[in-house]
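Enquirer: return a 3D structure for these sequence lines:
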Amino acid sequence: MKPILFSTPMVQVILDGRKTMTRRICKPLTLNYPMRAYENETAEQWLSRWNHKSPYKPGDILWVRETWQSFFPEEVTQNHQQGPRSFSGIPAETAKGHYMYFYYRADGEVPDDPKYGKANWHPSIFMPRGAARIFLRVTAVRAERVQEITETDAKAEGAVFTDYGIYQPKWKASLDGGKTFYPAAPAQHPGWHMAEVNSPDQCYPSARSAFIGIWDSLNAKRGYGWDTNPWVWVYTFERCEKSEAQDES
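Expert: Numbers count the residues shown, from 1 in each chain. Now for the predicted structure:
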């Protein structure tokens, strides 16, 4: 098994059963040549030129690293407020043989400890395999430019539509060169989103544009924003049980 990192919003989408695809940066092994020199190449030509190999292949089982926290059983029962989430952690045996309760940020915040204060979350990169609760089996792999994503694939990435109804635009239109103005036709509120939202102001007009929004939020600062149109690995996957993952590890 190999690890794969997901942000908290994407973990939530996986748990909801909406996400069956993910795109990961296909980093070149050398930077001696400008990427634009090969912008018209097919995926096969590009991969051959750069001698690329995907980190994951069909059939691989991946364990998901996510933002997490751990407590010893006595900490959970003695030091934490009693509430609906007090015992929602998953008990698992660590590599050293100690039993811990693992909590995941995708499930919500852990109640603050009345004695020790706020419980801080651990970054997903430091999550041990013993804490994993989500396992994925890779079913297909391909390479393409990120801007090649289709509306269908954006939905497979986890985009979902919330119907916020119809609204009346404030602007007016003229059909006679500005002599007479008429109210704009009623329009559908934007409703596409990847992460949790509370209003149409946080949504996008299409599944693809919702994907663009979250892509840039995760990758723009790393130099792989949508406008750079990087090559990506496209992984299609399905959920599998922990027992299946252990059998094949």
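Enquirer: any idea of the pLDDT on the closest residue to Phe71 other than its chain neighbours?
Expert: Closest residue in space to Phe71, ignoring its immediate chain neighbours: Tyr101 at 4.8 Å, by CB to CB, 6 or more residues apart in numbering. In short, each C-beta sits where N, CA and C put it, glycine included. Per-residue pLDDT puts Tyr101 at 73.
Enquirer: please apply the same query to Pro205.
Expert: Listed pLDDT for Pro205 reads 90.
Enquirer: so what's it up against?
Expert: Residues near Pro205 by CB atoms under 8 Å, 6 or more residues apart in numbering: 190, 192.
Enquirer: what's the separation between it and Tyr164?
Expert: Using CB to CB, to the nearest Å, we find Pro205 at a distance of 12 Å from Tyr164.
Enquirer: for Gly213, same thing?
Expert: 17 Å.
Enquirer: between these two, which is the more surrounded one?
Expert: Gly213 (19 against 15; other CB atoms under 10 Å).
Enquirer: tell me who's in contact with the nearest residue to Phe181 once chain neighbours are set aside.
Expert: Nearest non-adjacent residue to Phe181, counting by CB to CB, 6+ apart: Lys172, 4.1 Å away. By CB under 8 Å, 6+ apart, the contact set of Lys172 is 181-184.
Enquirer: turn those into JSON lines, columns for secondary structure and neighbour count.
Expert: JSON lines is the format used below for the contacts of Lys172 (DSSP: H, G, I helix; E, B strand; the rest coil; neighbours: other CB atoms under 10 Å):
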{"residue": "Phe181", "secondary structure": "strand", "neighbour count": "12"}
{"residue": "Tyr182", "secondary structure": "strand", "neighbour count": "10"}
{"residue": "Pro183", "secondary structure": "strand", "neighbour count": "11"}
{"residue": "Ala184", "secondary structure": "coil", "neighbour count": "12"}
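Enquirer: show me the strands in the protein, by range?
Expert: Along the chain, counting by DSSP state E, strands occupy 2-5, 21-25, 61-65, 68-71, 90-93, 99-104, 135-145, 160-161, 166-167, 172-174, 181-183, 187-188, 192-193, 231-240.
Enquirer: reformat these as JSON lines; add distance to Val13.
Expert: Supplementary listing: these in JSON lines, determined by distance: least, CB to CB, whole Å:
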{"stretch": "strand 2-5", "distance to Val13": "14"}
{"stretch": "strand 21-25", "distance to Val13": "10"}
{"stretch": "strand 61-65", "distance to Val13": "12"}
{"stretch": "strand 68-71", "distance to Val13": "17"}
{"stretch": "strand 90-93", "distance to Val13": "19"}
{"stretch": "strand 99-104", "distance to Val13": "14"}
{"stretch": "strand 135-145", "distance to Val13": "13"}
{"stretch": "strand 160-161", "distance to Val13": "8"}
{"stretch": "strand 166-167", "distance to Val13": "27"}
{"stretch": "strand 172-174", "distance to Val13": "38"}
{"stretch": "strand 181-183", "distance to Val13": "38"}
{"stretch": "strand 187-188", "distance to Val13": "23"}
{"stretch": "strand 192-193", "distance to Val13": "10"}
{"stretch": "strand 231-240", "distance to Val13": "12"}
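Enquirer: all set, thanks.
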